[in-house]
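Engineer: quick one: sequence plus predicted model below, questions after.
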Amino acid sequence: MNTIEFEFKCARPVGLYAQLCDLYLQHQQLDIKIGYQHNCYFIEATAEQEQLEALADAIADDFLISVWLVDSSISLVTEPKGSTQPLSASASSQQFCQRCTPQFGDNQAPEFGNIAFACPHCHGEQNLDKAYQGLTASDLKALSDELITQGKISLAGPSPIQLSLTPIQGAGRPKLLICNPNTLNAQFHLSDQQILALSSIEKPNITARAVAGHPKLSMPLYDLRFAYSRPLIVIAEHLRQRGIDWLYIENPQQPVPLALIDGQWAEIIASENETSLSSNIKALHEQSCVQHRGISYLASNTKHEFMVTSLPASTSQAQPQALSDQEYGLCALHAVNLEHKFKHNSVLVYFSQQHGGQIQTLNSKGEPELFLALPKLPDTGYELYHQLEQTPQVKVLEKFKQAYPDDYLRLLSLKLDSSTDNLTSLWAIAAIVLGLPCHSMNSSDLSDVFIASALSHRSANAQRVDYPLTKGEAHRSLNWCKTLGSLMSFRLADDSDMNKLAFGMHDSLTDYLANWIEHLDQNIGIKAVNIAGDEWSNPLLSQRFSLRVGKNFPIYCNRQLAIDSNNYAMGALLLKKRRK
């Protein structure tokens with residue numbers, strides 16, 4: 001008789017794993033104990049070799065891939081630590097699993113379309129939204145037929161879902177519901193990690209670009225997602241039968257894409273209403289409230305337990321704090337340190353569309369310093385051109401104007417979003433400088449075109465674009481005029497491969513970042529390189545940063561928290577700022 005432990009290490013709690021552990025606790029033939037410690041689920045079983053092998057096969061089949069799964073292992077234990085106490089406190093919102101999906105989601109199954117099908121494994125029928133509980137198989141078939149004949153339908157509920165065969169106007173980056181996963185690789189550029197994430201139990205959004213020359217998908221980037229509810233699974237199966245591989249979807253509560261950071265997924269905006277974590281770091285405040293994207297995040301601290309809750313801004317129970325852009329970055333730095341239990345000697349590389357890109361440090365005494373802040377770019381093309389005229393870049397600017405008059409006129413007509421001290425604005429300008437075609441002059445759309453172009457480059461070699469620092473009275477910044485002048489010079493020298501130049505902009509920036517971090521390491525000693533902000537959703541930026549910086553420093557980000565929402569409120573608990 002041996003005792004074997006099956007471990008599932010996760011970045012954050014996974015409700016379905018807790019339910020499955022409880023399910024195995026009810027096993028009659030084996031002596032089983034379970035537990036959850038430090039974000040690790042485990043099952044301990046004492047039995048004969050043959051029984052343990054059968055159990056291993058069953059567990060491998062039941063524990064589906066989660067985007068939060070960090071590692072799994074099987075080991076022989078001499079001192080069991082589990083118990084017979086259920087983990088039901090970590091309830092799952094899962095609506096389906098691999099056991100019940102073939103029953104109601106396969107058109108050949110007798111229960112096809114029965115979204116009330118009771119599953120003894122995930123109990124997904126209990127999590128079905130009330131708005132859909134009365135839908136029958138015939139109703140779902142009728143909705144699918146209506147979608148095909150009318151071109152679009154809307155599913156009612158607290159968060160109405162629009163489904164359409166044509167692009168949904170005003171919806172930003174297109175979001176696609178994949179009906180036929182078998183055609184994915186033929187239509188999109190996806191890595192193995194992205195495909196695993198799409199197939200995971202969370203069914204997240206994953207950003208990808210369509211294959212070149214696709215007859216229907218002409219946008220630079222798309223957010224892809226598999227069906228994430230029982231009704232959508234049935235509708236998607238009906239459409240797959242009719243030869244529809246994907247359709248457009250819009251859901252106000254649909255999560256933004258995850259960011260793949262240093263090989264693991266991180267959430268950009270919090271999808272959980274409540275998140276808790278333990279840390280031995282002492283908070284400076286008992287409570288903090290920070291508003292971001294129209295949502296108020298309320299964080300609190302009791303001894304070593306930290307909690308953050310998200311509430312609509314209109315129903316917030318506390319007055320949100322007024323934070324400067326620099327303080328948002330500092331809160332983000334504190335949040336990563338809090339989660340990973342660092343107190344000092346850390347640096348944050350913060351790229352955010354809303355609060356300004358920056359690099360901040362904490363020295364050995366935990367004192368913060370702003371090393372760099374991205375400059376506020378002119379918000380119009382005319383002002384941008386006027387400022388470039390006043391610099392040594394004026395000669396290359398005039399050559400660019402003569403060589404590419406159409407792009408010069410596009411540049412003059414550019415109107416950036418109100419916040420311009422970010423990479424999105426720089427990428428948007430670069431897209432025009434490189435002459436990349438775009439269906440609009442919106443900053444986000446131009447930025448997507450630029451990122452997609454860079455992702456299309458198939459080599460690791462590219463020109464080194466300049467990102468020179470300027471020294472201000474309080475902190476450093478970037479000389480954006482020289483950066484754009486450098487980009488114009490490279491295009492004038494050889495405009496045969498714009499993808500290579502777009503890639504070079506990314507790779508050069510991360511190379512400069514690596515050099516600056518090494519400089520900071522010599523001054524204060526860097527034990528952790530932290531990253532935060534929604535612009536890390538850019539897969540190439542994250543990948544090149546991990547390659548350039550990760551070879552010399554460990555990279556950390558929030559995985560229990562999001563990297564651009566509830567982390568600010570949690571970090572504000574450590575903000576050295578007197579409250580009014």
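Structural biologist: Arrived safely.
Engineer: okay, CA-based contacts and neighbour counts for the rest of this
Structural biologist: OK.
Engineer: remind me what the lengthiest helix in the chain packs against, helices and strands.
Structural biologist: Assignment by DSSP state H gives helix 498-524 as the longest helix of the chain. Under the contact definition 3 or more CA pairs under 8 Å, 6 or more residues apart in numbering; DSSP states H and E, helix 498-524 sits against helix 443-455, helix 480-493, helix 539-549.
Engineer: low-confidence ranges in the stretch 351-500 of the chain?
Structural biologist: The stretch 351-500 of the chain contains no residues with pLDDT under 70.
Engineer: which residues in it form strands?
Structural biologist: 358-362, 368-373, 469-471, 476-478 (DSSP state E, counting those that start in this stretch).
Engineer: before we move on, the earlier item: pick the most buried one from the helices and strands packed on helix 498-524.
Structural biologist: Ranked by mean neighbour count under mean count of other CA atoms under 10 Å, the helices and strands packed on helix 498-524 are led by helix 443-455, which reaches a mean of 24.
Engineer: how big is the angle separating that one from helix 498-524?
Structural biologist: Between helix 443-455 and helix 498-524, the angle comes out at 90 degrees (axes from the mean of the first three to the mean of the last three CA atoms, to 10 degrees).
Engineer: and helix 443-455, how far out from the chain's middle?
Structural biologist: Relative to the chain's own centre, helix 443-455 is displaced by 17 Å; criterion: CA atoms, centre = their mean, to the nearest Å.
Engineer: give me the helices and strands touching that helix, please.
Structural biologist: On the basis of 3+ CA pairs under 8 Å, 6+ apart, helix 443-455 makes packing contacts with helix 423-433, helix 498-524, helix 539-549.
Engineer: which of those helices sits closest to Ala11?
Structural biologist: For the helices and strands packed on helix 443-455, distance to Ala11 was read as CA to CA. The smallest value, 18.5 Å, belongs to helix 539-549.
Engineer: surely Ser310 is in a strand?
Structural biologist: Yes - Ser310 forms part of a strand when assessed by DSSP: H, G, I helix; E, B strand; the rest coil.
Engineer: near it, how many other residues are there?
Structural biologist: 23 (other CA atoms under 10 Å).
Engineer: again, but for Tyr556
Structural biologist: 19.
Engineer: low-confidence regions, the protein specifically.
Structural biologist: 89-91, 171, 255-256, 313-317, 579-580.
Engineer: reformat the strands of the stretch 351-500 of the chain as JSON lines; add distance to Gln169 and mean neighbour count.
Structural biologist: Formatted as JSON lines, these follow (distance: least, CA to CA, whole Å; neighbours: other CA atoms under 10 Å):
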{"stretch": "strand 358-362", "distance to Gln169": "34", "mean neighbour count": "24"}
{"stretch": "strand 368-373", "distance to Gln169": "35", "mean neighbour count": "19"}
{"stretch": "strand 469-471", "distance to Gln169": "41", "mean neighbour count": "14"}
{"stretch": "strand 476-478", "distance to Gln169": "36", "mean neighbour count": "19"}
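Engineer: now these in a markdown table, with distance to Pro231?
Structural biologist: A markdown table is the format used below for the strands of the stretch 351-500 of the chain (distance: least, CA to CA, whole Å):
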| stretch | distance to Pro231 |
| --- | --- |
| strand 358-362 | 44 |
| strand 368-373 | 47 |
| strand 469-471 | 53 |
| strand 476-478 | 50 |
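Engineer: so where do the strands sit in the stretch 201-350 of the chain?
Structural biologist: Counting by DSSP E, counting those that start in this stretch, the strands of the stretch 201-350 of the chain are 206-210, 222-226, 246-250, 259-261, 264-266, 274-278, 287-292, 295-302, 305-312, 346-350.
Engineer: burial-wise, tell me which of those strands comes out on top.
Structural biologist: strand 346-350 (a mean of 27).
Engineer: sheet-wise, list the partners of it with their directions.
Structural biologist: strand 358-362 (antiparallel), strand 528-532 (parallel) (DSSP bridges).
Engineer: of all these, which one comes closest to Gln133?
Structural biologist: strand 528-532 (39.3 Å).
Engineer: can you say which of the helices and strands packed on helix 443-455 is nearest to Gly170?
Structural biologist: Of all the helices and strands packed on helix 443-455, helix 423-433 comes closest under CA to CA, at 19.0 Å.
Engineer: go through that closest one and flag the buried ones.
Structural biologist: For helix 423-433, burial by neighbour count (16 or more other CA atoms under 10 Å) applies to 423-433.
Engineer: what's the angle from that helix to helix 480-493?
Structural biologist: Going by the same axes, to 10 degrees, helix 423-433 makes 30 degrees with helix 480-493.
Engineer: packing partners for helix 423-433?
Structural biologist: By 3+ CA pairs under 8 Å, 6+ apart, helix 423-433 packs against helix 405-412, helix 443-455, helix 480-493.
Engineer: now distance to Thr166 too, for those, in CSV please.
Structural biologist: Putting these into CSV (distance: least, CA to CA, whole Å) gives the following:
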stretch, distance to Thr166
helix 405-412, 28
helix 443-455, 18
helix 480-493, 36
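Engineer: find the nearest non-adjacent residue to Thr424, please.
Structural biologist: What sits nearest to Thr424 in space, not counting adjacent residues and going by CA to CA, 6 or more residues apart in numbering, is Ser447, at 5.6 Å.
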